[in-house]
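Sequence and predicted model, in that order:
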Amino acid sequence: MKLASYHGTRAGLMGLGNVLIRLRLRGRYSHSEIVFEPGDGVDHLMPDGTCAPDASGALWCVSSTGLEHVPAWSARRPGKRGGVRFKRIALGEKWTLDATPTCPRQAAQWARDNQGRLYDWQLILGFLAWLIPNKPSRVMCSEACAEMLGLQDAWRFDPCALRAVVAMQKGGV
């Protein structure tokens, strides 16, 4: 299992969001995902029953996003926009991957249990105006990943801080 930290810029409005987040955080990363790989022992918890890459090499990833649809097969909020979701992603040069010391089974079970949980727009706005509190029942990308990794006070982690903590845990930065 790995943490994938996004340092690319998507096209259109999503790309503007990538740039604004990186500027605000004064860092390289704008999004976080947990990646499940063959050998993690959690095939039975994946939507299609396997951690093996698909035909295009994409692996199962889990995060929370504000604009993507929760998959139709989700137990909670299928087809709705924003929230915790499983998604196959072909991780390439726009991602930094870091091994994590966390039990993949714990993380995959959290993802299954929280699939469809709402995205925390208030926490994103709180990055801009500190008076706006987060909503404990909702999660943003790095917060969801920090919860899967078992980190205390997960809401405190933005994509840059989370990547730094995971890199320090493995002995590098």
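Done, it's in. Numbers count the residues shown, from 1 in each chain.

Around residue 121, how many other residues sit close by?
When neighbours are counted by other Cβ atoms under 10 Å, residue 121 registers 15. All C-beta spots, glycine's among them, are computed from the backbone N, C-alpha and C.

Quick check: the closest residue to it other than its chain neighbours vs residue 77, distance?
Nearest residue to residue 121 in three dimensions, chain neighbours excluded: residue 66, at 6.4 Å (Cβ to Cβ, 6 or more residues apart in numbering). When distance is defined by Cβ to Cβ, to the nearest Å, residue 66 is 13 Å away from residue 77.

What is the least confident helix or strand in this structure?
Here the helix or strand of the chain ranked lowest by mean pLDDT, DSSP states H and E is helix 121-128, holding a mean of 65.

and the spatially closest residue to residue 87 that is not a sequence neighbour, what is it in contact with?
Of all residues not flanking residue 87 in the chain, residue 61 sits nearest, at 5.6 Å (Cβ to Cβ, 6+ apart). Residues counted as contacts of residue 61 (Cβ atoms under 8 Å, 6 or more residues apart in numbering) are 4, 33-36, 86-89, 91.

is it fair to say residue 61 lies in a strand?
Yes: Residue 61: assigned to a strand according to DSSP: H, G, I helix; E, B strand; the rest coil.

Local confidence estimate at it?
At residue 61, the pLDDT value in this model is 98.

Distance of it relative to residue 141?
Relative to residue 141, and taking Cβ to Cβ, residue 61 is found at 11 Å.

list residues touching both of these two?
residue 33.

in the chain, which ranges drop under the pLDDT threshold?
Residue ranges of the chain with pLDDT under 70: 123-134, 171-173.

Would you mark the buried spots in the longest helix anywhere in it?
In the chain, assigned by DSSP state H, the helix with the most residues is helix 12-25. Buried residues in helix 12-25, defined by neighbour count with 16 or more other Cβ atoms under 10 Å: 17-18, 21-22, 25.

Residues touching it, excluding its own?
6-10, 28-31, 67, 127-128, 158-160.

again, only this time at 10 Å
6-10, 27-31, 65-68, 94, 124, 127-128, 141-142, 158-161 (Cβ atoms under 10 Å, 6 or more residues apart in numbering).

Kind regards, and thank you for your time.
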